[in-house]
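Asker: Model the structure of this input:
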Amino acid sequence: MFPTKTFLFITVVSLLVTFSFAAVDTFVYGGCSQPKYFPGSPYESNVNSLLTSFVSSASLYTYNNFTVDGISGGDDSPVYGLYQCRGDLSSGSGDCARCVARAVSRLGSLCFGAYGGALQLEGCFVKYDNSTFLGVEDKTVVVRRCGAPVGSYNSDELARRDSVVGYLAASSGGSYRVGVSGQLQGAAQCTGDLSASECQDCLMEAIGRLRSDCGTAAWGDVYLAKCYARYSSRGSHSRTNAYGKACLLCSVGFVSLKVLFCV
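Answerer: The predicted structure follows:
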């Protein structure tokens, strides 16, 4: 039997002003399984091999997934993983590879000895686990944050927000979508292991939560386990003007326990 995993997520740190200008290695969220493997075990070797494959592959591809086989059970179980770069980063420029290398380094420190871990930077996402999650749709809420309300009187701002969010919801948009209206911009993306229909289903869930939870907020972020949707007015995306508390709802993958961190 594989260890039962409970993911505890680190609180979100500051997200920069806009998606376009945010540093790709800015931390968004990260989490690790509570069960640990023994240092020097075969599973540690499997994890290291997987993470090394991420970095090597990212110089050629902006998404890939890997499975490192082991003997079933215990500290030599298989490890499954994927990485993905933001849709506007390319492998040819080296931006994707640099982001993935940074994410792998941080994940290795954050989740040292953990059977599973995930880390989202502004520009890329990496995840590994000893239970397969590849090709499995997962709409668990990981991060949900909203800015201060712009006020119902600002009808132009709300109309631009609705226009951008509506564009992100269009099923013809592909797995990475960007919308801009005036000073307001939005982005949405799902992981490459999902089918087109699963991707659309995940994005519609994230976008629906943006609309319902963030209401008239100047900016909003919703990250689900396999996709995200965001929008922001230029200059408005900051922790310092968050409306109420910025909270992180943690329940990822095969997890029953939910832990809520608020800052």
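Asker: Could you tell me which residues make contact with residue 229?
Answerer: With contact set as Cβ atoms under 8 Å, 6 or more residues apart in numbering, residue 229 has these partners: 165, 168, 186-188, 203, 206-207, 209-210, 222. Bear in mind the C-beta positions are built from the backbone N, C-alpha and C, glycine included.
Asker: Where does pLDDT dip in the stretch 151-263 of the chain?
Answerer: 151-154, 173, 234-263 (pLDDT under 70).
Asker: what's the spacing between residue 225 and residue 59?
Answerer: 26 Å (Cβ to Cβ, to the nearest Å).
Asker: the more surrounded of these two?
Answerer: residue 225 (22 against 14; other Cβ atoms under 10 Å).
Asker: My guess is that one contacts residue 139. True?
Answerer: Yes - in this structure, residue 225 is within contact of residue 139 by Cβ atoms under 8 Å, at 7.0 Å.
Asker: sec struct for residue 198, please.
Answerer: The three-state label given to residue 198 by DSSP: H, G, I helix; E, B strand; the rest coil is helix.
Asker: same deal with residue 87?
Answerer: Per three-state DSSP, residue 87 ends up coil.
Asker: Quick check: phi and psi at the residue nearest to it when sequence neighbours are not counted.
Answerer: Leaving aside its sequence neighbours, residue 87 sits nearest to residue 176 (Cβ to Cβ, 6 or more residues apart in numbering; 2.7 Å). Dihedral angles of residue 176 (phi, psi; degrees, to the nearest 10) stand at phi -130, psi 130.
Asker: Look up how far residue 39 lies from residue 86.
Answerer: For residue 86, the distance to residue 39 - Cβ to Cβ - is 33 Å.
Asker: Neighbour count: these two, which is higher?
Answerer: For residue 86 versus residue 39, neighbours defined as other Cβ under 10 Å are more numerous around residue 86 (22 against 8).
Asker: I figured that one was touching residue 120, is that so?
Answerer: No - between residue 86 and residue 120 there is no contact under Cβ under 8 Å: 10.3 Å.
Asker: give me every residue that touches residue 51.
Answerer: Residue 51 touches 81, 104, 107-108, 126, 128, counting by Cβ under 8 Å, 6+ apart.
Asker: go with 6 Å
Answerer: With contact taken as Cβ atoms under 6 Å, 6 or more residues apart in numbering, residue 51 is in contact with residue 104.
Asker: Number the chain from 476, please
Answerer: Sure, I'll start counting at 476 from here, so that last one is residue 526.
Asker: and it, helix, strand or coil?
Answerer: Classified using three-state DSSP, residue 526 is helix.
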